[in-house]
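Enquirer: Could you work out the structure for the sequence below:
(chains A and B)
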Amino acid sequence: MLSTRTPWQVTRSVWHAMFIREALARTMADRMAWFWMLFEPIAMIVVMVAIRTVVLGRMRSIDGADFIPWMITGLFGFFLVRENMMRPIGAIDANKGLFAYRQVKPIDPVLVRCYLEGLLKSFIFILFIIVGTLLGVDLLPADPLGAITAWVSLWSLGLGAGLIFSALAGLVPEIGKILRIISMPLLIVSGVIIPLNFIPHDLLVYVMWNPIVHGLESLRASFFPLYRPVAGTSFLYLWYWILGMATLGLMLHVRFELRLKRQ
Amino acid sequence: MIKVENLYKRYHNHHGSDWVLKGVDFEIPTNVSVGLVGRNGAGKSTLLRLIGGMDSPDKGRITTNSRISWPIGLSGGLQGSMTGRQNVRFVARIHGNQGNIEDIVQRVEDFAEIGPAFDEPVKTYSSGMRSRLNFGLSLAFDFDVYLSDEATAVGDRQFKAKAKKAFHERVGRASIIMVSHSEGILKDLCQAGLWLHEGQATWFDDINDAIKAYHQSTGKQTKGSKTA
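Expert: Just a heads-up that it's a prediction; the model follows:
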C-alpha cells in the first residue's frame, strides 16, 4: 500500500488532499464567502471608477480602449498577482499540524493555494466578461490566445513571488506584515487606475522596472486591438522575473524545508 | 528492521546549541517492540521524530525497510481548524486510499468513540479526545512499525485497554516503538528497551532491564521516590 507508490504518485495524492482541504477552507469559511468573492471585485470597480471620475473629471480618454473595460482588466490582472503573492504567506502556518506526515512539504499548501486562487480568479473574471458582454460593455478579448498567455504569465508572476514570500515570512514573521504594507502602493505604481502614459518619461523609466506593469499592459493589449501599451512593455522582461523569482522561491523552499516545518 | 547509525542531532536556540543525541547506534529487528525510557529532555521525542522522518539528523543515518507511521502523540498529526472527520479524510487521501476513504473514516470513528465531536474542529477537543482520534487514525493504516509518543498517557482506562488490545491483535505483523512514563504499558507491549541518557542510547534485550537502568540513574538524585 505505502511502499509501492512512486514519488510522483505520493505528491499527486498530497496535492489532491490539500486542494480539497484548502478549497473547503476558502469557500466554506463563513456563509458569505461566495458572496464576497463576487461582490469584492464589483465594489472595487465601482469605487475605482468613482475615484477616477472625481479626480480626473471628464478627462477619461485612453487611446484605443474604453475606460471601464480598461480598468476591469487591470484590476483583475493586478488582484491575480497580489492574491497569489499574499495568500501563500499564511499557508504554511495554517497547515502546521499536517506536516506531521512526512509526505506533506511546506511547499504543497503554497502551490495548492496559488492554483486554487488562479481557478477562482479565472472563474470570476470569465463571469465578468460574460455578464459585461451581455450588458453591452466591450469586454471580449480581441486576441483570446494572447489574453490567456498574459493571464497565465501574471499568475506565474504571483506564484514566483508567493514562493519567495511564503518561505521568507515563515522564517521571519515580520516580513509578512511589512509586505502587507508595501503591497498597497503597488496598485498605483502598476498603472491599474491611472494610465502610465500620463507620467513623464524620466519617471516612467523607473516605473517600468516593476514587472506587474509589463503583464498588465500585455493583458490590455490583447483585449483591445487599438490599445497602445506603454512604451517599453516587454514580455521577455516579465518572464525573466517570473523564472528568476520561481527559481529563488523553490531554492528557499528546498533549503529551509525543515525549518519551515518545525516552528 | 530499523538501523540507526551514529546519529547526531541538535537544535539551535538562543542559548547555544547542545547536542540532544550524540552518536546514537542501535538496530531494531523486525517485529520487536521497543520502549524508550529516559528523563524529560533526554531526546526520546527527538529520536521518534527522526525515525518517523519528520526531521533529519545533523549526522549519521537511519535505514529501514519497514513502513513506519508518523509519531502518534498529543501534538501534531491533527490540524486544529479542521474537524475530526476532515482530518481523517485528509490523511486517508495522502496515503493514497482514494477508493476506501469512507471505510477508513468508519473504522477511525468506531475506534475513537468520541461521538458527535467527530464533526467538530479538532481545536475544541480535550487532550484525551485528540489522542483517541490520533491513535485510531494510525491504526486504520497497516504500518509495520507504529511510533507512539505518550499517546496513551492521557487516555482513560477503557481507551488504554482498547489500545493494548489493538496491539496484541497485531503481534507478529506489526511492532511499536513507544515513549511512555507509565511502566505498566511499557512492560505490557514492549519486549526490548532503549535507555536514552546524556545523548547516548543503550540497548536492552529486556524492557525490565532498561527500566531498571533508568531507575538507577535517577535513584541517585531522588532516593526511593522512583522505585514503584
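Enquirer: residue ranges with poor pLDDT in the stretch 51-200 of chain A?
Expert: The stretch 51-200 of chain A contains residues with pLDDT under 70 at A:56-61.
Enquirer: try it again with 90
Expert: Residue ranges of the stretch 51-200 of chain A with pLDDT under 90: A:51-72, A:90, A:92-103, A:132, A:135-139, A:170, A:173, A:175-200.
Enquirer: Which parts of it are helices?
Expert: With DSSP state H, counting those that start in this stretch as the criterion, the stretch 51-200 of chain A has helices at A:67-94, A:107-134, A:144-171, A:174-189.
Enquirer: buried stuff in the third one?
Expert: Within helix A:144-171, the residues that qualify as buried are A:146-147, A:150-151, A:153-170, counting by 16 or more other CB atoms under 10 Å in any protein chain shown. To be clear about C-beta, it is placed using only N, CA and C from the backbone, and glycine gets the same treatment.
Enquirer: Return the list of helices and strands in contact with it.
Expert: helix A:67-94, helix A:107-134, helix A:174-189, helix A:211-223, helix A:235-255, helix A:257-262 (3 or more CB pairs under 8 Å, 6 or more residues apart in numbering or on different chains; DSSP states H and E).
Enquirer: The first one: which residues count as buried?
Expert: Put plainly, it is helix A:67-94. A:68-89, A:91-94.
Enquirer: Please apply the same query to the third one.
Expert: Counting neighbours by 16+ other CB under 10 Å, one finds that the buried residues in helix A:174-189 are A:175-176, A:179, A:187, A:189.
Enquirer: Now do it: which elements does it pack against?
Expert: Checking 3+ CB pairs under 8 Å, 6+ apart, helix A:174-189 ends up next to helix A:67-94, helix A:144-171.
Enquirer: let's see 6 Å
Expert: Helices and strands touching helix A:174-189, as assessed by 3 or more CB pairs under 6 Å, 6 or more residues apart in numbering or on different chains; DSSP states H and E, comprise helix A:144-171.
Enquirer: now the helix it packs on: how far from the chain's centre is it?
Expert: Centre-to-centre, helix A:144-171 and its host chain are 6 Å apart (CA atoms, centre = their mean, to the nearest Å).
Enquirer: quick one: it to helix A:67-94, angle?
Expert: 30 degrees (axes from the mean of the first three to the mean of the last three CA atoms, to 10 degrees).
Enquirer: relative to helix A:174-189, how tilted is helix A:144-171?
Expert: Using the same axes, to 10 degrees, helix A:144-171 lies at 150 degrees relative to helix A:174-189.
Enquirer: returning to what we had before: please identify which of the buried residues of helix A:174-189 is nearest to chain B.
Expert: Among the buried residues of helix A:174-189, A:Gly176 lies closest to chain B (CB to the nearest CB), at 18.5 Å.
Enquirer: related to what we said a few turns ago, can you lay out the helices of the stretch 51-200 of chain A as a markdown table showing distance to B:Ser17?
Expert: Converted to a markdown table, the helices of the stretch 51-200 of chain A look like this (distance: least, CB to CB, whole Å):
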| stretch | distance to B:Ser17 |
| --- | --- |
| helix A:67-94 | 24 |
| helix A:107-134 | 26 |
| helix A:144-171 | 17 |
| helix A:174-189 | 23 |
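Enquirer: Out of those helices, flag the one nearest B:Asp156.
Expert: For the helices of the stretch 51-200 of chain A, proximity to B:Asp156 was assessed by CB to CB; helix A:67-94 is nearest, at 31.8 Å.
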